[in-house]
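1. need a 3D model of the following:
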Amino acid sequence: MTVQSETSWGFFGALLRFVVSLLLPIVSIFGLWYLAIYVSDLPSFVIPDPWMVLVSLYENRALIAEHTGHTLKVAAAGFILSNVVGIGLAMIFVSLPLTRNAIMPAAITIRNVPYVIIVTVLALAMGDGFATKVTVVTLAGFFPVLVNTYRGLQAVDPIVLDRMRILDASLWEVFIKVRLPYSIPFIIAAQEITGSASIVIAIAVEWMISRTGLGYVINQGMMAYQGELVYAVALVAAAVSFAVYSLIHYLGGRLNWSERNDP
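-> This is a model prediction of the structure:
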């Protein structure tokens, strides 16, 4: 067999594996979906036929696209603020260790308060506008960023820190040249959690209080017993969340020096 033939077979083999890895989850999901319809015998507005869901997705594409934009704005703003708050607090904890004992209990408390209560209080105080939804997404997302970033900043090799002290490096130089590079794998892990979770939290908040976004569309579909519309929005939300996770994972792999240096 020639080198060219081996290259062609290698290319087609890789392409086949990619196609199978792409189609297998789709086939399994729709297979389980039809199985659930057959076994449960529930009404169509509870478990609609997948084909009807795809038809609804096409017929309501303009509506879903419009409200997907609203959800992405809320999720993106909340995601950015989650990182600002989380990374900022982690830097403060490392620079001023006493602040950790003062602030961390409050952060843990906020993390464990049910989102329904947070949404209710903020809606009463701030209304049901954009700021309220972004605040909820931020409060829900900052804690994983804070914990992972703090662990990353603390994971520095003590020998490297001693050498930086010998060189009389400033706190900023230590952070930029030592602590930040060491914490990148931890920060990336937090982004993978917070990025996709921001979409989910944004939809949940919109479902409770908003008149825009995918959560609002789900609410309207439920009240009209349009199960196919609800499932169509769920498919879009799942696809968007997966796309966000995949993008963060890909970019993280480019930035994560610990993975790039693995043999």
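2. show the average pLDDT along the host helix or strand of Gln191.
-> Element membership for Gln191 (DSSP states H and E) is helix 180-209. Mean pLDDT, helix 180-209: 89.
3. give me the buried positions along it.
-> Buried residues in helix 180-209, defined by neighbour count with 16 or more other Cβ atoms under 10 Å: 180-209. Just so you know, the C-beta spots here come from the backbone N, C-alpha and C atoms, and that holds for glycine as well.
4. what's the angle between whatever helix or strand comes next after it and helix 180-209?
-> Going down the chain from helix 180-209, the next helix or strand is helix 214-223, by DSSP H and E. Angle of helix 214-223 versus helix 180-209, following axes from the mean of the first three to the mean of the last three Cα atoms, to 10 degrees, is 30 degrees.
5. which elements pack onto the one helix or strand Ile248 maps to?
-> Taking DSSP H and E as the definition, Ile248 sits inside helix 227-255. Packing partners of helix 227-255 (3 or more Cβ pairs under 8 Å, 6 or more residues apart in numbering; DSSP states H and E): helix 50-59, helix 61-95, helix 180-209, helix 214-223, helix 257-260.
6. so can I have CSV of these showing distance to Lys133?
-> What follows is the helices and strands packed on helix 227-255, written out as CSV (distance: least, Cβ to Cβ, whole Å):
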stretch, distance to Lys133
helix 50-59, 24
helix 61-95, 5
helix 180-209, 5
helix 214-223, 9
helix 257-260, 34
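7. ok so, going back, what is the helix holding Gln191 packed up against?
-> Partner elements for helix 180-209 (3+ Cβ pairs under 8 Å, 6+ apart): helix 61-95, helix 115-126, helix 130-154, helix 214-223, helix 227-255, helix 257-260.
8. what about Tyr216, how many residues nearby?
-> 20 (other Cβ atoms under 10 Å).
9. any idea which residue sits dead centre in the chain?
-> Ser196 (1.6 Å; Cα atoms, centre = their mean).
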